[in-house]
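>>> Take this sequence and fold it.
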Amino acid sequence: MLESGIREKLRRSGYTLTSQRRAVLEALSEAEGHPSAEDVYLIVKRKNPRVALGTVYQALSVLEEVGVIDSKHWSESPTRYDLNVEPHLDIRCVRCGKVSEIPGVALGGVEERISANTPYRVTRATMVVEGLCPECTEDE
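Residues are numbered from 1 along each chain as shown. Predicted coordinates for the structure are as follows:
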């Protein structure tokens with residue numbers, strides 16, 4: 001998303017694009033896969049050693065609230081963050097926890113089918129496939 005679009009989403013929600021939020025967005029774009037808040041913090045800290053972990057958590061919270069980033073919650077790992085807010089599939093290694101997006105595979109209208117077959121109004125659909133990453137497969 002272009003910076004002007006991010007600024008507009010923040011403005012509509014009563015926020016601004018602060019240097020801390022910009023640093024978190026840059027860290028998310030530099031990170032591999034779907035980093036945790038601690039991973040984002042370590043990337044930001046390399047450029048700004050005085051940043052606090054709480055500042056990173058606060059920036060992530062605001063960016064998620066306004067829809068610029070998405071969070072992924074799996075019971076065995078910390079919350080992970082993703083710049084891709086479009087519906088997509090993720091694959092997570094059950095051994096090391098690495099998470100990647102699966103390119104070229106869509107959710108296939110699962111939201112529409114759920115809405116058509118249940119009384120629920122789908123507000124969000126996330127899906128993750130689990131397996132072993134190439135590095136963990138080599139270690140077997």
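
>>> quick one: contacts for residue 80?
Going by C-beta atoms under 8 Å, 6 or more residues apart in numbering, residue 80 touches 33, 34, 35, 36, 71, 72, 74, 99. Every residue, glycine included, has its C-beta placed from N, CA and C.

>>> 7 Å instead, please
Shown here is residue 80, whose contacts under the criterion C-beta atoms under 7 Å, 6 or more residues apart in numbering are 34, 35, 36, 71, 72, 99.

>>> Would you mind confirming that the third one makes contact with residue 74?
Same thing as residue 36. No. Counting by C-beta atoms under 7 Å, residue 36 stays clear of residue 74, with 10.9 Å between them.

>>> Going through the contacts of residue 80, which ones are buried?
In the contacts of residue 80, burial by neighbour count holds for 34, 35, 36, 72, 99, counting by 16 or more other C-beta atoms under 10 Å.

>>> how about the nearest residue to the last one once chain neighbours are set aside, secondary structure?
It refers to residue 99. Spatially, and ignoring its direct neighbours in sequence, residue 99 is nearest to residue 34 (4.3 Å; C-beta to C-beta, 6 or more residues apart in numbering). Judged by DSSP: H, G, I helix; E, B strand; the rest coil, the three-state class of residue 34 is coil.

>>> Isn't residue 34 up against residue 70?
No. Taking C-beta under 7 Å as the contact criterion, residue 34 and residue 70 are not neighbours in contact, 9.0 Å apart.

>>> Show me whatever sits in contact with both of the two.
Shared between the contact lists of residue 34 and residue 70 (criterion: C-beta under 7 Å, 6+ apart) are residues residue 82.

>>> ok, back up a step: any idea how far residue 91 is from the residue nearest to residue 99?
Between residue 34 and residue 91 the distance is 11 Å, computed by C-beta to C-beta, to the nearest Å.

>>> in the protein, which residue is closest to the centre?
residue 82 (1.8 Å; C-alpha atoms, centre = their mean).

>>> which residues does it bridge with?
Judged by DSSP bridges, the bridge partners of residue 82 are residue 70.
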